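Participant: Pasting the sequence and the predicted coordinates here, then a few questions.
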Amino acid sequence: MIKFSDEVKDQLYKLAQQKNIYLEGNILKIIDAGDDKILQNYVKDARKKDDEMREKRLEITKKVQTQNDQLLEWKTKNEKTNEQLKEALDKAEKSEHKALKSKEEAEKSKEIALNDLDILQKRTQNQLIESIVKVSLWLISGVGVITTVMFAVTLFKGVENKIVESMWSNMFGILLTNSFSIIGTIMGVKYASSNGNYIKNKKCNCKCHD
Amino acid sequence: MIDSILLVDDENLFHLVFEDACSLLDIALSLKTFNSADEAEIYFKKIVETKSKKPDCIFVDLNIIGSTFDGIELIRRINFVHGDGVVIGIISSSNDDMEQTKAMKAGAQFWIIKSDKIEPRLEEFKKDFDGYANRTLQFKVYK
């Protein structure tokens, strides 16, 4: 405990009265006021002031502390959310990449399928043409052979048959003409289909159609 | 009233809270604070070497950021390396049973849980202090 001389006491009272300045802190707890009522009141007032100030400071400090804790919590939460967002973004980018790859593969498959279909159609067309040509040739040669045989029989027998003669010459002429026309038609169809393919292929190779 | 208290805590704001609470509750006359366990150990070593007066009570935080060891290790060192004789315990926001057992084994006499309303716990501690000083009180957690 500490004791103050009268001179110090007077200075302390003057400071308190004139400038409202008091002793602060734990020194107030070790002042021995004895029976001095004025000093007792001074210590009482000073402690009251000190306690009020400390209470205020304590309240503010606690508030700041709570706010700091909340800020730290928010910071942690934000960091977690950012990480989750980043992960989601990465996943989305990967999915987009996969989708693009799948789209490319599907387009390639579509192209292959279309090409296969085209080839199949051509093959069928060719087979049909081949059958038509074969049948036509058999027909032409059959009719030709029959009329020739008939004409030959009339010649060898010496029988004059005007109908057979004209039929043979007419038939031969017609058959010859028709066969050429059939060949011409076939050639025309072939040329037209190959020309169509050429145009089609040209279209597919063009970059603007990709 | 406790003559001198030593607080080891990395949070400067808590130093102010603790100082004001101690002053308002008339717990201690003088308070010394350290931010790290290493600083506190150096201070304690000096006290032992110079045979100066040890603080009457030491409050140590559990996790002291910026220190090479934690609060429990500081308590162990003060108790078993630098000689005991002081009332020492943990002041932390943690309420982990395992950590409390570890602290007790290291020589901690109390565990005060830090929160907004720390004053009632400190007041209760003030009442129990003499029991800790004369080693008649068992380890206690102030919740």
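Facilitator: On my side now, so go ahead. Residues are numbered from 1 along each chain as shown, chains lettered A, B, ... in the order given.
Participant: helix/strand/coil for the spatially most central residue of chain B?
Facilitator: The centroid of chain B falls nearest to B:Phe59 when counting by Cα atoms, centre = their mean (1.3 Å). Here B:Phe59 is recorded as strand under DSSP: H, G, I helix; E, B strand; the rest coil.
Participant: Quick one: neighbours of residue 72, just the number.
Facilitator: In the absence of a named chain, this looks at chain A. Applying other Cβ atoms under 10 Å in any protein chain shown, we find 10 residues neighbouring A:Leu72. Where C-beta positions appear, they are placed from N, C-alpha and C, glycine not excepted.
Participant: Chain B is the one I meant
Facilitator: Neighbour number of B:Ile72 under other Cβ under 10 Å is 23.
Participant: May I have stretch B:127-140 as PDB, with CA atoms only?
Facilitator: Once non-C-alpha atoms are left out, stretch B:127-140 reads as follows in PDB (Å, rounded to 0.1, in the frame of the first residue of the first chain):
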ATOM      1  CA  LYS B 127     -12.700 -17.500  -5.400                       C
ATOM      2  CA  ASP B 128     -10.800 -20.800  -6.100                       C
ATOM      3  CA  PHE B 129      -7.400 -19.200  -6.400                       C
ATOM      4  CA  ASP B 130      -6.300 -19.900  -2.900                       C
ATOM      5  CA  GLY B 131      -7.200 -23.600  -3.300                       C
ATOM      6  CA  TYR B 132      -4.900 -23.800  -6.300                       C
ATOM      7  CA  ALA B 133      -2.100 -21.800  -4.600                       C
ATOM      8  CA  ASN B 134      -2.000 -24.300  -1.700                       C
ATOM      9  CA  ARG B 135      -2.600 -27.300  -4.000                       C
ATOM     10  CA  THR B 136      -5.800 -28.400  -2.300                       C
ATOM     11  CA  LEU B 137      -8.000 -28.000  -5.300                       C
ATOM     12  CA  GLN B 138      -8.300 -30.600  -8.100                       C
ATOM     13  CA  PHE B 139      -8.200 -29.800 -11.900                       C
ATOM     14  CA  LYS B 140     -11.300 -27.800 -12.800                       C
END
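Participant: just to revisit the earlier point, what residues does the residue nearest to the centre of chain B make contact with?
Facilitator: Contacts for B:Phe59 (Cβ atoms under 8 Å, 6 or more residues apart in numbering or on different chains) come out as B:5-9, B:18, B:89-91, B:112.
Participant: one more time with 10 Å
Facilitator: By Cβ atoms under 10 Å, 6 or more residues apart in numbering or on different chains, B:Phe59 lies in contact with B:5-9, B:18, B:22, B:31, B:33, B:71, B:87-92, B:110, B:112, B:114, B:122, B:125.
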